[in-house]
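1. kindly generate the corresponding structure for this input.
(chains A and B)
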2 protein chains.
Amino acid sequence: MNRIGIDVGGTTAKAALVDSEGRVLARHNFPTGYHLTGESLLAGCVEAVHRLTRDSAAASLGIAAPGFRRADGEGVENVSNLPGLDDFPIRTRCREALGLPVVVDNDANAAAYGEWAFGARAGCRRLLVMTLGTGIGGAMVVDGALLRISGGCLGDPGHLILDPDGPRCACGGRGCAETLAAVPAIVRAAAAAMPERAIHSLADVTAAARNGDPKATEVLASAGRRLGTLLTSLIHVLTPDRILLGGGGMDAAGHYLIPAAKQAIADCVQPFLAAGLTIDRAALGNDAGAVGAAALSSTNS
Amino acid sequence: MNRIGIDVGGTTAKAALVDSEGRVLARHNFPTGYHLTGESLLAGCVEAVHRLTRDSAAASLGIAAPGFRRADGEGVENVSNLPGLDDFPIRTRCREALGLPVVVDNDANAAAYGEWAFGARAGCRRLLVMTLGTGIGGAMVVDGALLRISGGCLGDPGHLILDPDGPRCACGGRGCAETLAAVPAIVRAAAAAMPERAIHSLADVTAAARNGDPKATEVLASAGRRLGTLLTSLIHVLTPDRILLGGGGMDAAGHYLIPAAKQAIADCVQPFLAAGLTIDRAALGNDAGAVGAAALSSTNS
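-> Model (predicted):
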């Protein structure tokens, strides 16, 4: 049965019609932004569902958004870049407007659930999915269910402290992994290490590395090692048997970051936890939020 | 209704008759050790229950032990210092021998559950209980239920990586909090910093600090800061609203360690997570495992 997932981001909402094996059959995007209201999100979702179901029915709708999932499942709250969504019962309003079952969840949860439902599922009991982009986020699926500790989520697994004397992070903490190893930190470190080059993006850093610049290679290896230290700590607390790494940072530089991360993990991890663990690139790419939201809409969560 | 809890340690099992408010009414200890078999543990538990119920009935029995809780709840496994307990169905055997409902769980789980049931409960949704002794362990109670991710436990929350270039830990990892901030590490650091003193225990370190030795004070403050970094990372991932700190290390040096830990947390934590969080000494002391096991035996877990 086909389902619809909508991944509500800070600038764009990506809607997708997804089949029962996780394939995207059709897409429709609509704009969001800081001034998005609940009513305008509702209108965007309704139009997206109408467009995507013109030729084919859908059994349910899943909506993924940043922030915490409300305890009643009606929406999300505390979304810093989409403040208009607080207190808006998008689930009930969409259900009433569309006559479809609707599920709303955090976007990291949706991405992790999608990776589980359409890939990692077989033989995987504890899946940790981490996303490296402007920030570092993540979520976990344990025995087929999302791990919900607070606000319907795993906390902020990208914000373990790597250096208590480090810089202040946007989260308000200090020396978090995100502020030391997410994409902006890598670009900053590379720009400082290679003032002779024009480094404005992670692609610029990997281009320099491909051209044989040892400073670029070292910046990427250092970020990968920090990512590995973060992952080792998460392995010790959360004991995943599978880790999938996604996000724009992995798309641009995964083949530099992941080997360095794996080396750092091998050096610091408890051997018995490493024994049963596999670490790979996430499979769903940019569609993870929408595809995962569609998958979640088949559950009761 | 009174219940019995038995905390099975590496050298001694501590059994206690516990009333419905967590008070210990009577105690009975029996020896354990590396060569303890399942049958001898059974015999010890049966004798303890008989002694403790001579004057007063008990409604149920809880058994806490190190290691992982078996998925079927029948016992514990992978207990490195009590290998004879693997594969022994202590729950069913005790139930048959005693005619009582029996629950078996990990000892850190039992201690955390006891702190929740007989103290933190009111107003606490996410309780993290950490124990500082020869090692650093912990467990978490979320909305009244133990957080079980793997082996019936939270993973090894005392083994987050504080220094990826640090020493090898007994867990097989490198630079874990346990190897840098548990009691043996504090004693080692103090002995190295004060070769002129005879430092053999944490009590020796705190005695030196009380006598005004600035090196002792700095060793304790440094360990407290490391504990604070560990706790900050755990706060970011697990989002507790209450943390209780117990164990022999806290008994001996809590008034040195906790202020330094709180200062490190205040410096590095996400402010919105700090806002709703309280951090205190655990209340149940040495009885935590037995009292918590008794409390767990009133549940179905």
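2. run through the residues of the stretch 201-301 of chain A sitting next to chain B.
-> Within the stretch 201-301 of chain A, the positions near chain B by Cβ under 8 Å from any Cβ of the partner chain are A:225, A:228-229, A:232-239, A:264, A:267-273. (C-beta placed from N, C-alpha, C; glycine too.)
3. restricted to buried residues, select those residues in PyMOL.
-> The buried residues among these can be selected in PyMOL (16 or more other Cβ atoms under 10 Å in any protein chain shown) with this line:
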select buried, chain A and resi 225+228+229+232+233+234+235+236+237+238+239+264+267+268+269+270+273
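4. the lengthiest helix in chain A versus helix B:214-238: what angle between them?
-> Looking across chain A with DSSP state H, the single longest helix is helix A:214-238. Interaxial angle, helix A:214-238 versus helix B:214-238 (axes from the mean of the first three to the mean of the last three Cα atoms, to 10 degrees): 80 degrees.
5. please name every helix or strand in contact with helix A:214-238.
-> With contacts taken as 3 or more Cβ pairs under 8 Å, 6 or more residues apart in numbering or on different chains; DSSP states H and E, helix A:214-238 sits against strand A:126-132, strand A:136-142, helix A:177-181, helix A:183-193, helix A:202-210, helix A:248-268, helix A:271-275, helix B:214-238.
6. okay if I get those as JSON lines plus mean pLDDT and distance to B:Ala43?
-> Output for the helices and strands packed on helix A:214-238, formatted as JSON lines (pLDDT from 0 to 100; distance: least, Cβ to Cβ, whole Å):
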{"stretch": "strand A:126-132", "mean pLDDT": "96", "distance to B:Ala43": "37"}
{"stretch": "strand A:136-142", "mean pLDDT": "96", "distance to B:Ala43": "37"}
{"stretch": "helix A:177-181", "mean pLDDT": "96", "distance to B:Ala43": "50"}
{"stretch": "helix A:183-193", "mean pLDDT": "97", "distance to B:Ala43": "59"}
{"stretch": "helix A:202-210", "mean pLDDT": "97", "distance to B:Ala43": "64"}
{"stretch": "helix A:248-268", "mean pLDDT": "97", "distance to B:Ala43": "42"}
{"stretch": "helix A:271-275", "mean pLDDT": "91", "distance to B:Ala43": "31"}
{"stretch": "helix B:214-238", "mean pLDDT": "98", "distance to B:Ala43": "39"}
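7. spit out the contact partners of A:Asn2.
-> Taking Cβ atoms under 8 Å, 6 or more residues apart in numbering or on different chains, we find A:Asn2 in contact with A:17-20, A:25, A:56-59.
8. drop anything exposed from those.
-> Of these, these count as buried by 16+ other Cβ under 10 Å: A:17-18, A:58.
9. now name the helix or strand holding the residue of chain A most remote from its centre.
-> Centroid-distance maximum for chain A: A:Glu196 at 33.7 Å, with Cα atoms, centre = their mean. Using DSSP states H and E, A:Glu196 sits in no helix or strand.
10. against chain B, how distant is it?
-> In this structure, A:Glu196 and chain B are 30 Å apart, going by Cβ to the nearest Cβ, to the nearest Å.
11. A:Pro167 now?
-> For A:Pro167, the distance to chain B - Cβ to the nearest Cβ - is 11 Å.
12. over to A:Pro259?
-> From A:Pro259 to chain B the distance is 16 Å (Cβ to the nearest Cβ).
13. leaving out the residues flanking it, which one is nearest to that residue?
-> Nearest residue to A:Pro259, sequence neighbours excluded (Cβ to Cβ, 6 or more residues apart in numbering or on different chains): A:Gly224, at 6.9 Å.
14. does that neighbour touch A:Met250 like I think?
-> No - checked against Cβ atoms under 8 Å, the pair A:Gly224 and A:Met250 is beyond contact range at 10.8 Å.
15. mutual contacts of these two, please.
-> Common neighbours of A:Gly224 and A:Met250 (Cβ under 8 Å, 6+ apart) are A:257-258.
16. contacting residues for the closest residue to A:Leu202 other than its chain neighbours?
-> Closest residue in space to A:Leu202, ignoring its immediate chain neighbours: A:Ala252 at 4.3 Å, by Cβ to Cβ, 6+ apart. Counting by Cβ under 8 Å, 6+ apart, A:Ala252 makes contact with A:183, A:201-203, A:206.
17. A:Ala252 and A:Leu85, how far apart?
-> Counting by Cβ to Cβ, to the nearest Å, the separation of A:Ala252 from A:Leu85 is 29 Å.
18. go on, A:Ala181?
-> In terms of Cβ to Cβ, A:Ala181 sits 29 Å off from A:Leu85.
19. the two: who's more crowded?
-> A:Ala181 (26 against 23; other Cβ atoms under 10 Å in any protein chain shown).
20. which of the three states applies to A:Gly33?
-> Classification of A:Gly33 by DSSP: H, G, I helix; E, B strand; the rest coil places it in coil.
21. unless I'm mixing things up, it is touching A:Thr11, no?
-> Yes - taking contacts as Cβ under 8 Å, A:Gly33 lies within contact range of A:Thr11: 6.1 Å.
22. residue of the stretch 1-150 of chain A with the smallest distance to chain B?
-> The nearest approach of the stretch 1-150 of chain A to chain B comes at A:Ser150, 3.8 Å away (Cβ to the nearest Cβ).
23. and the closest residue to that residue other than its chain neighbours, what does it touch?
-> Excluding its sequence neighbours, the residue lying closest to A:Ser150 (Cβ to Cβ, 6+ apart) is B:Thr239, at 3.8 Å. By Cβ under 8 Å, 6+ apart, B:Thr239 lies in contact with A:149-151, A:155-156, B:126, B:273.
24. coming back round to it: tell me how far the residue farthest from the centre of chain A lies from A:Arg188.
-> A:Glu196 is 16 Å from A:Arg188, by Cβ to Cβ.
25. give me phi/psi at A:Gly158?
-> Phi and psi for A:Gly158, reported as degrees, to the nearest 10, are phi -90, psi 10.
26. what about the residue of the stretch 1-150 of chain A closest to chain B, how many neighbours?
-> 18.
27. please name the residues that touch it.
-> By Cβ under 8 Å, 6+ apart, the neighbours of A:Ser150 are A:68, B:126, B:238-239.
28. closest to A:Gly212 out of those residues?
-> Nearest to A:Gly212 among these: B:Leu238, at 43.3 Å, using Cβ to Cβ.
29. residue contacts, that closest one?
-> A:149-150, A:155, A:237, B:126, B:128, B:140, B:147, B:154, B:157.
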